[in-house]
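> Sequence and predicted model, in that order:
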Amino acid sequence: MKAKIEYIKFDDIDQQAFLPLVNSNKVREHLMEHALFTPETLAQWMATKRALDKEAGCKARGILCDGKLAGWCAIQYEEGQYEVAIIIDDSHWGLGKRVFKDMMQWAREFKHKDVYIHFLHTRPEYKFLKKIAKSVHETELYGHKFLSYQLAVE
């Protein structure tokens with residue numbers, strides 16, 4: 001049976017349960033380096049995601065898998081373009097494609113023409129993304145190298 005995925009607003013995420021997930025070494029391995037979250041800095045960061053969720057064309061959600069917090073995702077406006085971000089705890093890797101499909105539906109509902117996915121250079125190239133991408137190129141954001149996929153929203 002397929003795992004049940006639910007998306008919850010950041011207001012409904014249990015911060016105590018979220019802290020170990022966002023500080024997980026496996027999760028952080030492929031993200032830009034930054035200090036570990038404290039309860040205070042996590043609360044501040046979560047507030048930015050709640051604010052993002054109110055911006056036109058943007059959406060930020062926690063991901064529940066069979067009722068357990070598995071990660072978070074967002075369509076966010078960065079550097080003049082809409083970006084898809086999916087961060088999933090390693091115990092739930094494998095959900096990414098399902099979450100991605102849901103997020104592309106959100107992008108269609110927002111009537112975005114294109115969205116981008118930026119993977120830190122430490123990540124492997126994703127064949128399924130490369131196959132559907134309008135373009136794949138290296139970019140630099142916030143002083144880090146990324147492999148960026150430009151995806152048409154149809």
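Everything's here; your move. Numbering: from 1, shown residues only.
> Low-confidence stretches in this protein?
28-33 (pLDDT under 70).
> top strand in it by residue count?
strand 68-78 (DSSP state E).
> What are the buried residues along it?
Within strand 68-78, the residues scored as buried using 16 or more other C-beta atoms under 10 Å are 69-76. Heads up, the C-betas are built off the backbone N, CA and C, glycines and all.
> Outside of the helix or strand following that strand itself, list whatever touches it.
Using DSSP states H and E, the helix or strand that follows strand 68-78 towards the C-terminus is strand 81-88. With C-beta atoms under 8 Å, 6 or more residues apart in numbering as the test, strand 81-88 has contacts from 22, 27, 31, 57-58, 63, 70-77, 95-96, 99-100, 103-104, 107, 110, 112, 114-118, 151.
> Also stretch 96-105?
Identification of contacts with stretch 96-105 by C-beta under 8 Å, 6+ apart yields 5, 7, 63, 71, 73, 75, 84, 86, 88, 115, 128, 151, 153.
> what sits up against stretch 37-52?
Under C-beta under 8 Å, 6+ apart, the answer for stretch 37-52 is 9-11, 13, 15, 18-19, 22-23, 35, 58, 60, 72, 74, 76-77.
> Most neighbours of all those residues, which one?
W72 (24 neighbours; other C-beta atoms under 10 Å).
> Could you look up the SS state of the closest residue to K130 other than its chain neighbours?
Once flanking residues are discounted, K130 sits nearest to V136: 5.5 Å by C-beta to C-beta, 6 or more residues apart in numbering. What DSSP: H, G, I helix; E, B strand; the rest coil gives for V136 is strand.
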